[in-house]
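Participant: got a sequence here, can you build the structure:
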Amino acid sequence: MIDFIKIEGPVESIIYKNDENGYIVFSIYSEDYGEFFSEAEIVCVGYIPSLNVGENVILLGNIINHSTYGKQFKVETYEKVIPRTERGIEKYLCSGAIKGIGKKIAERIVEKFGVDSLEIIEKSPEKLAQIKGISERKAMEIGQLFIEQEGLRKAIIYLQQYDIQPIFTMKIYNQFKEHTIRVVETNPYRLADEMFGVGFKIADNIAEKIGIEKNSKYRIKAGIKYILNESANINGNVYMPENMLLNLTEQLLNIDKDIIEVNLADLQMERQICMEKDENGNRIFLNSYYYAENYVAKKILELSKNKVEYDKSYDLLIKNVENENGIYLANNQKEAIKQAMINGVLVITGGPGTGKTTTINSIIKMFQNEGYEIELCAPTGRAAKRMSEATGLEAQTIHRLLGMGFSGENTKMKFFQKDEDMPIEADVIIVDECSMIDIILMRGLLNAIAQGTRLILVGDVDQLPSVGAGNVLRDIINSNCITVVKLNEIFRQAKESAIITNAHKINNGQYPILNDVNKDFFFLKRHNMEELNKTIVELITTRLPKFLNISDPKMIQVLAPMKKSLIGVENLNNILQNALNPKSENKNEKQFRNIIFREGDKVMQMKNNYNMSWQIVENGRCKDEGTGIFNGDEGIINKIDDINAYIEVIFDDCKYVKYDFTQLDELNLSYAITIHKSQGSEYKAIIMPIHSGASILLTRNLLYTGVTRAKELAVIVGMQETLNKMVDNNRQVNRYTYLKDRIINLAQFI
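Facilitator: Numbers count the residues shown, from 1 in each chain. Now for the predicted structure:
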């Protein structure tokens, strides 16, 4: 257990204060701590919402030495104590803590009521009207403001007993205001439902301490929704079979399954979940996924019916494109172009080196020749950037194309500005890397496409499915209701790349050719995990930068199949951080949980944050600004500001973003990332460690996806027998989705 130092004293000054999250830098005055501090005024930092000058505080924490600001007291826990002296009370009232009380009024109140001043303000505010300058109305307003502040103080003290981190206390109070204590006492599971970062297990721990029964309807319903959310967020499931849901909820809550079934039915009656009958039982959906699947199935079929017949010869149109671009198209590329002209919706799929980019460019040229307006987009910033480079036209993220907005003053109620009433203004919309699109994003995109607009979906169906719930591209293709063209011819130039030829071998269940002379695909055999990690460090720090003639080793990406173990993402990030961006007196740091963030670190956004503000800065000026940073976006930590409590990250597309210290659970180091997180990205070189592990994690399409992320060089380090097992393991990710069936069922009516 950590031994904390205890200090006590009145707040002398507020140096910095963030009202949104409660982070504060302040000083207290005390002459009792000379063994620790050379001066009586002690600078303190921490999360203490609603702290004001003059308040007495008891602080527990430790002394830290800041590289810029010197010795400080870092507060871990605190207790506010009512000022005990007339001087302390007067200083508190003079601080502006209570709106309407200035220096003169504060002096008069203390002169009149002495040490009873605060009790008078709280319990008998009408007596303040006896003082010159305070009307009866103003007296009551002062009393009300004091009570509101007291409510915040009581709520914070109340939450502390349940081990809720101080960085969350202000978020919780801002959410529930004066109802905070009542909400927590009656249904603490609302914290899990409505607050990011306060999960079910924290809420359940609070409920147990409060004495809420294990078979409480609040607990059971929260547990059911927790299992459904975890199933969607971790496993990508759009729904769960009822029996599976009941079994997992029973294990989580340790209560009888019959009681869970009753509450499951109640959730359906309350329209918090949707239930569909199935020949094997019931399918249970969270509402958002149920309605998204239904909408996507209906809308994509409606768009697909918008077929166009031209009075011109398709062969002649395609020949003109070949002549203009100086290229020769393969037969299936020509077929893709023809189908793009005819169909309202077209899917183009194919692996690396099969000419997807050439096909897209030819389709663009064809539509431009016909005078059509075209929009290009992709799920991530990196994928959109690659699309722009390949086509020479602007490509946006899907989120940016749709335009993110917020409902009134509530920044939590997000919506896309583009919808059925204000659709995307385009004749043709081409979307790349569609294997990454989850069901919620697909719903938003289709909702913004007007009837008559062509939609072309491009992607490699053999790659891993989206991080979010759903298996959209595969379900659309497997429905056999939407026109699909598969590009399967590997072109001569692509055949010269071992990355591409080996990727296709892997995808076809064949072992890759290793260490072919003068190629771009290498295998380094290592059986010992520690030796394997040592080799990765050597590769990324010296060998590959020299081989590739690059100065920044951060251009090389390590892709790991898993998060845990010695060769997992978490351990590799610690090792690579020490090698590539070691601790330095010139670099500020911020520790959050078990991660140390350092200026210069390579980081990744781990969840969609629709209301995160960003600016694109060029030459010191803001060129553009907006909101929204999304799962998988990568950047570099530019600045860590302890005083103002934020980390500034510059993302790949020159977006400057400030992360409040309370938001650091959204960031992770990204020297090494999982192969899942690399989807849609392309790196100059990749290093992939492969060793022992669970077969569920070591699959063929995981290996295939990782290899296809490399642009110039792929290096696999580890055990060849494991590599071969991955090629042999054609286990597909089995996600519970119903989109394919919905499309098939609706097709006969639309």
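Participant: for stretch 688-698, give me every contacting residue.
Facilitator: Residues outside stretch 688-698 that contact it (C-beta atoms under 8 Å, 6 or more residues apart in numbering): 529, 532-533, 536, 558-562, 565, 567, 572, 675, 703, 706-707, 714-719, 722-723, 725-726, 729, 731. For the C-beta atoms, the positions are set from N, CA and C on the backbone; glycine is no exception.
Participant: go again using 6 Å as the cut-off
Facilitator: 529, 532, 559-562, 567, 706, 716-719, 722-723, 726, 729 (C-beta atoms under 6 Å, 6 or more residues apart in numbering).
Participant: equivalent analysis for stretch 439-458, please.
Facilitator: Under C-beta under 6 Å, 6+ apart, the answer for stretch 439-458 is 238, 292-293, 295-296, 299, 303, 306, 340, 344-348, 356, 398, 402, 416, 418-420, 423-424, 428-432, 434, 469-470, 472.
Participant: once you drop chain neighbours, what's closest to residue 545?
Facilitator: residue 553 (5.2 Å; C-beta to C-beta, 6 or more residues apart in numbering).
Participant: distance check, the one you found against residue 175.
Facilitator: Counting by C-beta to C-beta, to the nearest Å, the gap from residue 553 to residue 175 is 43 Å.
Participant: more neighbours: which of these two?
Facilitator: Counted by other C-beta atoms under 10 Å, residue 553 and residue 175 do not tie: residue 553 has more neighbours, with 20 against 16.
Participant: contact partners for the more buried one?
Facilitator: Residues in contact with residue 553 (C-beta under 6 Å, 6+ apart) are 540, 541, 545, 580.
Participant: kindly write the ChimeraX command that selects the buried subset of the residues you listed.
Facilitator: Buried residues within these, by 16 or more other C-beta atoms under 10 Å, are selected in ChimeraX with:
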select :540,545,580
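Participant: looking at the contacts of residue 553, which is nearest residue 515?
Facilitator: Of all those, residue 515 sits closest to residue 540, with 19.2 Å by C-beta to C-beta.
Participant: who touches the helix or strand that contains residue 635?
Facilitator: According to DSSP states H and E, residue 635 maps onto strand 634-641. With C-beta under 6 Å, 6+ apart as the test, strand 634-641 has contacts from 588, 590, 599, 601, 603-604, 647-652, 670.
Participant: parallel or antiparallel, list what pairs with it.
Facilitator: Strand 634-641 has these partner strands in its sheet, going by DSSP bridges: strand 602-605 (antiparallel), strand 646-651 (antiparallel).
Participant: checking my notes, residue 80 in a helix, right?
Facilitator: No. If the criterion is DSSP: H, G, I helix; E, B strand; the rest coil, then residue 80 is strand and not within a helix.
Participant: beta partners for it?
Facilitator: Residues in beta-bridge contact with residue 80 (DSSP bridges): residue 57.
Participant: what count of nearby residues applies to it?
Facilitator: 18.
Participant: distance of it from residue 56?
Facilitator: Note on residue 80: its distance to residue 56, by C-beta to C-beta, is 7 Å.
Participant: show me which helix or strand of this protein is least confident by mean pLDDT.
Facilitator: The weakest-scoring helix or strand in the chain, judged by mean pLDDT, DSSP states H and E, is strand 410-416 (a mean of 53).
Participant: tell me the mean pLDDT for the following helix or strand past that one?
Facilitator: Using DSSP H and E, the helix or strand that follows strand 410-416 in sequence is strand 428-431. Averaging pLDDT along strand 428-431 yields 97.
Participant: report the distance from the host helix or strand of residue 446 to the chain centre.
Facilitator: Following DSSP H and E, one finds residue 446 within helix 439-447. In this view, helix 439-447 has its centroid 18 Å away from the chain centroid, taken as C-alpha atoms, centre = their mean, to the nearest Å.
Participant: quick one on the thing from earlier: now render the contacts of strand 634-641 as TSV, adding neighbour count, distance to residue 192 and pLDDT.
Facilitator: Formatted as TSV, these follow (neighbours: other C-beta atoms under 10 Å; distance: C-beta to C-beta, whole Å; pLDDT from 0 to 100):
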residue	neighbour count	distance to residue 192	pLDDT
588	19	34	91
590	19	27	89
599	18	34	95
601	26	31	96
603	25	27	96
604	21	25	93
647	26	26	94
648	17	31	95
649	25	28	96
650	16	34	94
651	20	30	88
652	14	33	74
670	25	28	95
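Participant: and of these, the nearest to residue 89?
Facilitator: Distance to residue 89 across those (C-beta to C-beta) is lowest for residue 590, with 36.8 Å.
Participant: mind listing what the closest one touches?
Facilitator: So, once contact is read as C-beta under 6 Å, 6+ apart, residue 590 ends up touching 597, 640.
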